[in-house]
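Q: Below is the structure, and that's it, no one-letter string:
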């Protein structure tokens, strides 16, 4: 390990690594990226965090931090970041957490669909990516495992047309917004930008099929992915602007269609998952201090009948979703102006509810809080 620089364990095609890499570049934090096939990852990192997962950072002093949320929050609180990812206005901060939640609940489905449903169109590209630091046989095994997650995410013959319609609608909304604004909530990236950047770059802005769609239909969205990767704010199209976030009373109307789409797509799904969680807690399966799953590498605690854009499917229930949802609820509790904004766009149900139990992280493992 290089004792003078931060080590980022990640991969170029990793959705969550993309978030962290963009943040480190924006803040001017020196790092070296190492693939998880590195011997130190198996010998030191995996025993420390209890599972093989990326991204992970190892600080020069040896401290290990896992999960893109925790990594960004570490640097936000460790000192004064060059451009903070958290808006000072409580209502705008709540919106940043909304985009953070949508990136996982909504866009993971899009990202995985376009990567694996169109595998025959970009298999060589993905095989090369997954073979970094290893070999093609290992890459094929990993790719097969990733493909197996599609049903759990609600990607099937019935939902695929709606997923693609949703992607095109999202690109249209983002294209209109980025025609007037460099970032989601003003003149610097928020946690919402970094969260959306994960799927919109790591999968949808690199894999050949969705990349071609983005470049043809939404060139300003593609330009935003470049801007997010730049080591400065990179606002050349917007004249002599300085960094900063909009206030709650200054939010652009171009956000409206995006917020409407988010509400339509994730509220029914989250209501069903919340009903599952309430029953799960009532049955005594989740108690404070318990790990959220029997083994750290497990991602779900059960399955639920739910829907995407009115199309039913049976999907996995991920405790990580509740971790992100609680962050939104907590932020909105300090933002009186958020209620009007969320209500206007059919999102009030996300902040007016109470989760029956929290999800927290202790020693790199999610536990019931």
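A: Yep, that arrived. This is a predicted model, so every value here is computed, not measured.
Q: burial measure for residue 58, as a count.
A: Neighbourhood size, residue 58 [other C-beta atoms under 10 Å]: 23. The C-beta positions use only the backbone N, C-alpha and C, and glycine is treated the same way.
Q: Does residue 119 touch residue 150 like I think?
A: No. Contact criterion C-beta atoms under 8 Å: residue 119 and residue 150 do not qualify, at 10.8 Å.
Q: residues shared between the contacts of the two?
A: Counting by C-beta atoms under 8 Å, 6 or more residues apart in numbering, no residue touches both residue 119 and residue 150.
Q: Could you list the domains of the protein?
A: 6-78, 90-250, 255-368 (automatic domain parsing).
Q: want to throw these into CSV with distance to residue 84?
A: As requested, the domains of the chain are exported to CSV (distance: least, C-beta to C-beta, whole Å):
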stretch, distance to residue 84
domain 6-78, 6
domain 90-250, 8
domain 255-368, 14
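Q: Now mean pLDDT too, for those, in JSON lines please.
A: Listed next are the domains of the chain as JSON lines, based on pLDDT from 0 to 100:
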{"stretch": "domain 6-78", "mean pLDDT": "95"}
{"stretch": "domain 90-250", "mean pLDDT": "94"}
{"stretch": "domain 255-368", "mean pLDDT": "95"}
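Q: Show me where the protein has its strands.
A: Along the chain, the stretches classed as strands by DSSP state E are 6-9, 31-34, 56-58, 64-66, 303-308, 311-316, 359-362, 365-368.
Q: Nearest to residue 349, out of those strands?
A: Nearest to residue 349 among the strands of the chain is strand 303-308; the distance by C-beta to C-beta comes to 14.5 Å.
Q: Mind listing what's buried along that closest one?
A: 304, 306, 307, 308 (16 or more other C-beta atoms under 10 Å).
Q: Would you confirm that residue 267 contacts residue 350?
A: Yes. The pair residue 267 / residue 350 is scored as a contact, 6.8 Å apart, by C-beta under 8 Å.
Q: more crowded one of the two?
A: Higher neighbour count among residue 267 and residue 350: residue 350, with 23 against 16, using other C-beta under 10 Å.
Q: show me what contacts that one?
A: For residue 350, the contacting residues are 98, 101, 263, 266, 267, 270, 325, 328, 329, 342, by C-beta under 8 Å, 6+ apart.
Q: For burial, what's the neighbour tally of residue 275?
A: Neighbourhood size, residue 275 [other C-beta under 10 Å]: 12.
Q: For residue 313, see how far away it is.
A: Distance, residue 275 to residue 313, using C-beta to C-beta, to the nearest Å: 16 Å.
Q: quick revisit: which among the strands of the chain is found nearest to residue 284?
A: Of the strands of the chain, nearest to residue 284 by C-beta to C-beta is strand 365-368, at 11.3 Å.
Q: Run through the neighbouring helices and strands of that closest one.
A: The elements that strand 365-368 packs onto, with contact taken as 3 or more C-beta pairs under 8 Å, 6 or more residues apart in numbering; DSSP states H and E, are helix 319-333, strand 359-362.
Q: Buried deepest among these, which one?
A: Greatest average neighbour count among the helices and strands packed on strand 365-368 goes to helix 319-333 (a mean of 21), per mean count of other C-beta atoms under 10 Å.
Q: looking just at contacts, which helices and strands does that one meet?
A: Packed against helix 319-333 by the contact rule (3+ C-beta pairs under 8 Å, 6+ apart) you find helix 68-78, helix 90-105, helix 255-282, helix 338-344, helix 348-351, strand 359-362, strand 365-368.
Q: would JSON lines of those with distance to residue 38 be doable?
A: JSON lines is the format used below for the helices and strands packed on helix 319-333 (distance: least, C-beta to C-beta, whole Å):
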{"stretch": "helix 68-78", "distance to residue 38": "18"}
{"stretch": "helix 90-105", "distance to residue 38": "27"}
{"stretch": "helix 255-282", "distance to residue 38": "36"}
{"stretch": "helix 338-344", "distance to residue 38": "43"}
{"stretch": "helix 348-351", "distance to residue 38": "39"}
{"stretch": "strand 359-362", "distance to residue 38": "24"}
{"stretch": "strand 365-368", "distance to residue 38": "22"}
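Q: what about the helices in the stretch 101-250 of the chain?
A: If DSSP state H, counting those that start in this stretch is used as the criterion, the helices of the stretch 101-250 of the chain fall at 107-116, 119-130, 136-147, 160-178, 191-202, 208-217, 219-229.
Q: gap between the fifth one and the chain center?
A: The offset between the C-alpha centroid of helix 191-202 and the centroid of the whole chain comes to 6 Å, using C-alpha atoms, centre = their mean, to the nearest Å.
Q: Also the third one?
A: On the basis of C-alpha atoms, centre = their mean, helix 136-147 sits 22 Å off its chain's mean C-alpha point.
Q: So what angle separates the directions of it and helix 107-116?
A: 140 degrees (axes from the mean of the first three to the mean of the last three C-alpha atoms, to 10 degrees).
Q: quick one, what contacts residue 345?
A: 256, 259, 260, 262, 263 are the contacts of residue 345 under C-beta under 8 Å, 6+ apart.
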